[in-house]
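1. Any chance you can model this:
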Amino acid sequence: MPKTAGMRPLGLRSGADQADKDGCGPEGRLGRNIAKTLFTGSFIFFPNDVCTHMVLTNYSPQQLEDEETLTSLALRVMVVATVLGTRSRKLKLSKAQPIPLDLSLFYNNKAFGTYPGEASFDTLGQSYPAPESKTPSYTSGDTGTAYSFPGYTGPSEPDNVICRGQTIAVPRGSYFSASFLISEDEEFAVVSGNVTFTYADNSTSMYELRSLPWFSFLTINSGELIFPSRFTATGVNYNTSHIFERTASLSPGKELHTITLPDASNVKDGRLHVFSISLWKGAAVNVQSLRPTQKWLGSGAQAVEITVNNAGSECVAGSGLTFSVLGDGLHTTDKGHLRRLCPGDQQVVTVGVEASSNMPINASVAIDNSADQWFVDFEDVRFGLNEWTTDLDSLATHESPEWFNGAKYGIFIHWGPYSVTGWGNSSPHESYAEWFWWYSTHHPQADPSEFYSYRLRTYGVDWAYDDTFADFSASAFDPKAWVDLIADAGATYFVLTSKHHDGFALFDAGRTSNRSALHYGPKRDLLGELFDAAEKYQPTLKRGTYFSLPEWFNPDFGPYGFDQLNSTSVPGTSSWPGVLATNPYTGALEPYVGHIPLPFSGNFLTSVMLPQMETLAYTYGTDIMWCDCGAANVTASFAAKWWSNSRKQNRQVAINSRCGVPQAADFDTPEYTSFASVQRRKWESNRGLDPYSYGYNRATPSSAYMNASAIIHTLVDIVSKNGNLLLDIGPRADGSIVQAESDNLLEAGRWIRSHGEAIFNTTYWFVQSEISGGPDVRFTQTDEAFYVLFLERPVVRNGEVSVTATVPAVEGDRVSLLAVEGGEKLIWRMISEGSKTILKIEVTDALLDEDKFCWVFKIKYA
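-> Sure, this is the predicted structure:
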């Protein structure tokens, strides 16, 4: 991130005579005090009307001699001018700065080593490799937060804190937010605990400090810091390891005294580690960071993100603020706008910029409120849209496009020869039905659902998996009906399994393989038909392709075959062996029908994997490359070429987190997972309508599929925390869709489409995700409105519904019950009860009866 040089005024002008008389002009006492602070970067010029307001704030003369009070007052006046339209002049304000905390007294663990066994981050003698940088600091490329980060401290000195409920005193002051660099030490575990912030008035606030796994099989995670490997006790494992960044909002206007870490030190569940904490200090509205991205707007201009905080006591409201970026060779083509920002909140404003050079320059963020203009200066900022290369730093500049961020809801489709077997047992013993071939050949060590027994009694001893090809008919497949269902369900994109781990392709794989639906089964280009139907009948749907990088039993994958875990200590570990499957009853090798031998000088990666991925990208025009199991891969070369070519076509495309290169991951992909708090990094939770299968499972009763209420609640919860929901259906082998899945999708879709403005193209609320202690409420927002979404029927007491949260509502806003006739204009008020702020909305039970599943109150900004 670029360094900050503070703020500068556009120019200085003398105040009116009355202002001089009141002491506000350049010759008055206050004016001299202001001039004195010029060299600190904390400067504002008050004309007469602002002086009058200042007098009304009842600041004592002694307080006005204090530089910190003066700066705070200046910032407050800036916001008052924005809200009330006061005619102030050009403003210069000091920029908020991160304050790294010294945690060295609390260090109790060593995370970094220079050789195997030197450090033991977990209890198994494993550790991170020492960071390449030797400086004891780190600045986040995402948030601009500067941290004290010791890195490698020698062979014995600790460098991080295992959370055991320690209480950390902080420098006295009012802070806007607290940022953490964290991790955990148990494979596959997501470890979390509540950190507690205690203020001078003895009030507290809490935040869920959550870490994804510190290393992940197939590099499925992507942290703020990414390390190329980890040390085991005896060697090196080249799955990447990660440290994650989390940011908590703090109670605005309160003096923070202490931070109490959670007690998350249970070895069995995984321990939570804190490497660094930094506090953002500021007052009123301030710019935290300026971040040029490699995305572009509809105009073609580069998208530049400005993170804006409100650490004051007044809301930005009315016409709000307008943002532009200035600098040598820069031209702002698309100004950014911010209609509402209340105390404690943070939003990211996007500005479109054209740059004449990609060399580092000094740049300024210009902020207008129709009456005034003020600036924030940044040094060494690099603008410009660049070609992507295979360099990891280059790949890391790509991120999820805005259409994906706003899309929120997609349909996943698992369909292939495994739909013929279509069995995964039923809960509580259910397993993924699409893994039928693998489970049935890995008995007893990895077959908890008894696929082996089901296969034997259903198909006999001589049956082979490829015998399913003839029955994979797609005879009832109607691609128009499928895309219509997806659209009617309220979804905005879909992802089809173009090829699963069985190596059977639903697309034309050309000379790489005849193991496809074009040569066997339906003898049709199923992917092409579905994409064509979407383009013709539902052109707004974005189209994605699931693609398994490895193939379980393709002998050409043999040189790259792998086990997920050590097969000696974990005999039932998942594996992609790259050898022909063995009949579990006879010991005979099963055929791999449609396999085309590699060319003489070829290998699986360059002769099969890469050309198939390029076919999906260029021939079929996929919008999302949704990989799976990215061990050995060609992702760097594929991504660099695809992203650069797509830019030339004005297409913004995405790659998920499973392609084997975490720097090339645009979004995370947890399975059957939701979070209790916001994750700033974009994520997409994927799961089936089925309780625990993606492929069709004939053992699942109709009543077990997610119903409309569960679909809507899951979607709203995930969207409110910056996620997308990719919800899977598993069609039968003939292409028909289970009636319960279709019915439930359509019922949910009617609600989703009528309430879509509270879902699509929204963003999360920085202040909080849920209400501690209930009711079950979530929040979303746009630049025009704020939404309160009840996942349970609101309780009416004394004719009102209560929301205990500091929602950003101001006088003149209009509150409505979304999509309910008669609920277009509701009376509301804000009250305080002790330290709590409560929104009260007048509504009747009769009006609430007109909706179901989720009740949405919309606050339309005045």
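
2. can we go C-alpha only for contacts and neighbour counts from here?
-> OK.

3. Parallel or antiparallel, which strands does the helix or strand containing F412 pair with?
-> Assigned by DSSP states H and E, F412 belongs to strand 409-413. Here strand 409-413 has these sheet partners by DSSP bridges: strand 493-499 (parallel), strand 723-729 (parallel).

4. Out of the ones you listed, which gets nearest to F383?
-> Closest of the strands paired with strand 409-413 to F383 is strand 723-729, at 28.2 Å (criterion: C-alpha to C-alpha).

5. which strand of the protein spans the most residues?
-> Longest strand of the chain, by residue count under DSSP state E: strand 167-184.

6. Can I get that strand in CSV? Just the C-alpha atoms.
-> Extracted C-alpha coordinates of strand 167-184, given in CSV (Å, rounded to 0.1, in the frame of the first residue of the first chain):
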residue,chain,number,x,y,z
THR,A,167,-6.0,-8.7,28.8
ILE,A,168,-3.9,-6.2,26.9
ALA,A,169,-3.9,-2.5,28.0
VAL,A,170,-3.9,0.0,25.1
PRO,A,171,-2.8,3.6,24.9
ARG,A,172,-5.7,5.7,26.2
GLY,A,173,-7.8,7.2,23.4
SER,A,174,-10.9,6.8,21.2
TYR,A,175,-10.3,4.4,18.4
PHE,A,176,-12.3,3.5,15.3
SER,A,177,-11.4,-0.1,14.7
ALA,A,178,-9.0,-2.9,15.8
SER,A,179,-7.3,-5.0,13.2
PHE,A,180,-5.6,-8.4,13.8
LEU,A,181,-3.2,-10.7,12.1
ILE,A,182,-4.2,-14.2,13.2
SER,A,183,-4.1,-17.9,12.5
GLU,A,184,-4.8,-21.3,14.1
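
7. How far off centre is that strand?
-> Centroid separation for strand 167-184 versus its chain: 22 Å, with C-alpha atoms, centre = their mean, to the nearest Å.

8. One more: stretch 847-862?
-> That offset, for stretch 847-862, works out to 26 Å (C-alpha atoms, centre = their mean).

9. repeat for stretch 519-536
-> Using C-alpha atoms, centre = their mean, the offset of stretch 519-536 from its chain centre is 32 Å.

10. From what I see, S104 and G151 are in contact.
-> No - the criterion here is C-alpha atoms under 8 Å, and S104 misses it with G151 at 11.9 Å.

11. just to revisit the earlier point, elements contacting the longest strand of the chain?
-> strand 204-211, strand 241-249, strand 255-260, strand 272-281 (3 or more C-alpha pairs under 8 Å, 6 or more residues apart in numbering; DSSP states H and E).

12. circling back: with respect to G621, which of the strands paired with strand 409-413 lies nearest?
-> That would be strand 493-499 among the strands paired with strand 409-413, by C-alpha to C-alpha, at 12.7 Å.

13. after the closest one, next one along is what?
-> Trace forward from strand 493-499 with DSSP H and E and the next one is helix 526-537.

14. After that next one, which helix or strand is next?
-> Per DSSP H and E, the helix or strand that comes after helix 526-537 is strand 542-548.

15. Output that next one in CSV, but only the C-alpha positions, please.
-> Extracted in CSV, the C-alpha atoms of strand 542-548 (Å, rounded to 0.1, in the frame of the first residue of the first chain):
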residue,chain,number,x,y,z
LYS,A,542,-23.6,-15.6,-15.8
ARG,A,543,-22.3,-19.1,-16.7
GLY,A,544,-19.6,-21.0,-14.8
THR,A,545,-17.9,-24.4,-15.2
TYR,A,546,-16.8,-26.7,-12.4
PHE,A,547,-13.6,-28.5,-13.5
SER,A,548,-11.7,-31.2,-11.6
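
16. With adjacent residues omitted, what lies nearest to E118?
-> P155 (6.7 Å; C-alpha to C-alpha, 6 or more residues apart in numbering).

17. again but with R246, I slipped
-> Per C-alpha to C-alpha, 6+ apart, closest to R246 is F180, 5.2 Å.

18. do the same with R524
-> R524 sits nearest to L518 (C-alpha to C-alpha, 6+ apart), 4.7 Å away.

19. go on, R753?
-> G490 (5.5 Å).

20. Now the residue nearest the centre of the chain: closest residue in space that isn't a chain neighbour?
-> Geometric centre of the chain, nearest residue: K682, 1.9 Å, by C-alpha atoms, centre = their mean. Excluding its sequence neighbours, the residue lying closest to K682 (C-alpha to C-alpha, 6+ apart) is F667, at 5.1 Å.

21. can you pull up the bridge partners for the one you found?
-> N656.

22. Then F180?
-> R246, I277.

23. quick revisit: next structured bit after the longest strand of the chain?
-> Assigned by DSSP H and E, the successor of strand 167-184 is strand 191-199.

24. packing partners for that following strand?
-> strand 204-211, strand 255-260, strand 272-281.

25. wait, isn't S419 in contact with A474?
-> No - contact criterion C-alpha under 8 Å: S419 and A474 do not qualify, at 10.3 Å.

26. more neighbours, the two?
-> Using other C-alpha atoms under 10 Å as the criterion, S419 and A474 rank with S419 on top: 25 against 21.

27. Identify the residue nearest that one in space, chain neighbours excluded?
-> S419's closest residue in space is A733 (C-alpha to C-alpha, 6+ apart), at 4.8 Å.

28. And N566, by the same measure?
-> T573 (7.3 Å).

29. SS state for V788?
-> Following DSSP: H, G, I helix; E, B strand; the rest coil, V788 is assigned to strand.

30. in the sheet, who's paired with it?
-> F779, F857.

31. contacting residues for it?
-> By C-alpha atoms under 8 Å, 6 or more residues apart in numbering, the contact set of V788 is 777-780, 856-858.
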